[in-house]
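Participant: this one's sequence-less:
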């Protein structure tokens, strides 16, 4: 992929011809077919994936992006759609094969480098825009909702984290940066992205069973207030508890969208306010909610005017922890215009938010690795079990593992050596399973070293 001739062809020659001519169309289809085949191999084989030159792959996609932006009508080619789809699955980790023994979800541990993900996000945004241009002629509509699977709700919390962190937030940062060469997002796609973030922190009422009674007969959707949690008398115990990780990701997504699409969200500020009120009425949010309120007070967007009564009401309550008290003191000063941070431009905000996205992603990956590690009690019990088996083998009859004199040379059989002693087989396979359960933090060479020490300490016929 890093061949200089191939790189120059994709970036200098491919965008040059007019691909509307039917005589040239087979050449473009052949190139896209080869790209699709190459990225499919990368997605399916973990060995190829580890050795992939992602910089060269990003430059190849850059030529495809330039061609698509210059000739939007090629977005209808099935082979281009397949290339974009497999690249999307790469950044989301949905079609990664050969992952046996891995301890972290594929969408996090096997995500390509940021420059490749950025190029894929740009192609996705350009594809949505290009297909929307010709929707009146072709009758084919394509939106961000279709890319996300047709729903703003995802089956698992891990899927929600993956979609927001690896797709929606990079797309908002890339598209909403204000550069002239960056693609644009339609209003419907921006509203859908906001809906995904709001549903992540506050799932809709359709998934919750209300309390039995007269109010249970209310049909959701018949009243505009029915989208609010506080409009129904719901049992707080029946409402699902939102993970703290998802809350941090969702609040960071709100910050990114507020900075990137301040004008486009003029009709959606009330949705954010209602969601935060529902979240606060359930006693959820914690420090993530206070941090977002500090951002709203410091970055004076139109949302600040609508949220000011809510913030003043929240400042009157007594906090239970020290972190909330510190945020309360800072917000109380800033809401009255005291000790405000110096004014910052939009680019400075975006750089800071991009750094926060990167830092939060690293924290989520490290937390998942920590959760998958076995506890100290499990490791201690496994080691004690091995030591007990070791002592029991010493106490066993000599016929199980007969010893040889130290002066006699060991028996060397021709061909591949095989372990015939049951005790040696047991400790060998238990050592291998222990190294796998420790998430490869116990070096395999150390396992073999301790195994050979046990073998020399207790000589048996399988040496």
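Facilitator: Structure received. The structure displayed is predicted, hence computed values, not measured ones.

Participant: Tell me how many other residues crowd residue 54.
Facilitator: By other CB atoms under 10 Å, 18 other residues sit near residue 54. Glycine gets a C-beta too; all of them are placed from N, C-alpha and C.

Participant: Okay, now stretch 17-36: how far is its last residue from its first?
Facilitator: Start-to-end span of stretch 17-36 (CA to CA, to the nearest Å) is 21 Å.

Participant: what phi and what psi does the backbone show at residue 165?
Facilitator: phi -70, psi -40 (degrees, to the nearest 10).

Participant: Now do the domain split for the chain, please.
Facilitator: 4-372, 376-402+418-457 (automatic domain parsing).

Participant: mind putting these in a markdown table, mean pLDDT included?
Facilitator: What follows is the domains of the chain, written out as a markdown table (pLDDT from 0 to 100):
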| stretch | mean pLDDT |
| --- | --- |
| domain 4-372 | 83 |
| domain 376-402+418-457 | 50 |
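
Participant: looking at those, which is buried most?
Facilitator: domain 4-372 (a mean of 16; mean count of other CB atoms under 10 Å).

Participant: quick one: the helices in the stretch 51-200 of the chain?
Facilitator: Secondary structure of the stretch 51-200 of the chain (DSSP state H, counting those that start in this stretch): helices located at 54-70, 78-92, 106-109, 114-133, 135-138, 144-147, 157-163, 169-175, 187-201.

Participant: Now render those as JSON lines, adding distance to residue 321.
Facilitator: Converted to JSON lines, the helices of the stretch 51-200 of the chain look like this (distance: least, CB to CB, whole Å):
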{"stretch": "helix 54-70", "distance to residue 321": "43"}
{"stretch": "helix 78-92", "distance to residue 321": "36"}
{"stretch": "helix 106-109", "distance to residue 321": "29"}
{"stretch": "helix 114-133", "distance to residue 321": "35"}
{"stretch": "helix 135-138", "distance to residue 321": "51"}
{"stretch": "helix 144-147", "distance to residue 321": "38"}
{"stretch": "helix 157-163", "distance to residue 321": "24"}
{"stretch": "helix 169-175", "distance to residue 321": "28"}
{"stretch": "helix 187-201", "distance to residue 321": "20"}
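
Participant: ok, now which ones touch residue 280?
Facilitator: Applying CB atoms under 8 Å, 6 or more residues apart in numbering, we find residue 280 in contact with 289, 310, 314.

Participant: among those, which are in helices?
Facilitator: Counted as lying in helices by DSSP state H, out of the contacts of residue 280, are 289, 310, 314.

Participant: Just put those residues in JSON lines and tack on distance to residue 11.
Facilitator: Shown next, in JSON lines, are these (distance: CB to CB, whole Å):
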{"residue": "289", "distance to residue 11": "46"}
{"residue": "310", "distance to residue 11": "51"}
{"residue": "314", "distance to residue 11": "53"}
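
Participant: wait, which of these is closest to residue 264?
Facilitator: Using CB to CB, residue 310 is the member of these that lies nearest residue 264, at 22.7 Å.

Participant: now residue 367: how far from residue 115?
Facilitator: Using CB to CB, to the nearest Å, residue 367 is found at 25 Å from residue 115.

Participant: er, residue 175 I mean
Facilitator: Distance, residue 175 to residue 115, using CB to CB: 16 Å.

Participant: got it, and residue 359?
Facilitator: Per CB to CB, residue 359 is found 18 Å from residue 115.

Participant: Residue 7 now?
Facilitator: Residue 7 is 15 Å from residue 115, by CB to CB.

Participant: Residue 313 now?
Facilitator: Taking CB to CB, one finds residue 313 at 45 Å from residue 115.

Participant: One more: residue 247?
Facilitator: Using CB to CB, we find residue 247 at a distance of 29 Å from residue 115.

Participant: Can you verify my assumption that residue 164 contacts residue 198?
Facilitator: No - here residue 164 does not reach residue 198: they are 11.3 Å apart, not a contact under CB atoms under 8 Å.

Participant: Return every residue with contacts to both of these two.
Facilitator: residue 250.

Participant: helices or strands up against the helix or strand where residue 305 lies?
Facilitator: Using DSSP states H and E, the element containing residue 305 is helix 302-315. Using 3 or more CB pairs under 8 Å, 6 or more residues apart in numbering; DSSP states H and E, the elements in contact with helix 302-315 are helix 269-281, helix 286-298, helix 322-335.

Participant: helices or strands next to the longest helix along the chain in the packing?
Facilitator: Longest among the helix segments of the chain by residue count, using DSSP H, is helix 346-372. Applying 3+ CB pairs under 8 Å, 6+ apart, one finds that helix 346-372 contacts helix 106-109, helix 169-175, helix 244-260.

Participant: Measure how that helix sits relative to helix 244-260, angle-wise.
Facilitator: Angle, helix 346-372 to helix 244-260, by axes from the mean of the first three to the mean of the last three CA atoms, to 10 degrees: 170 degrees.

Participant: Compute the inter-axis angle for helix 346-372 and helix 286-298.
Facilitator: Angle, helix 346-372 to helix 286-298, by the same axes, to 10 degrees: 180 degrees.

Participant: residues making contact with stretch 314-322?
Facilitator: Applying CB under 8 Å, 6+ apart, the contact partners of stretch 314-322 are 280, 293, 325, 328, 331, 332, 335.

Participant: Quick check: the fifth one touching residue 291?
Facilitator: I take that to be residue 331. No - judged on CB under 8 Å, residue 331 makes no contact with residue 291 at a distance of 10.0 Å.

Participant: residues contacting residue 92?
Facilitator: 107, 162, 163, 166, 167.

Participant: Which one of these is nearest to residue 26?
Facilitator: Distances from residue 26 to the contacts of residue 92, taken as CB to CB, are shortest for residue 167 (32.7 Å).

Participant: I figured residue 360 was touching residue 164, is that so?
Facilitator: No - judged on CB under 8 Å, residue 360 makes no contact with residue 164 at a distance of 10.5 Å.
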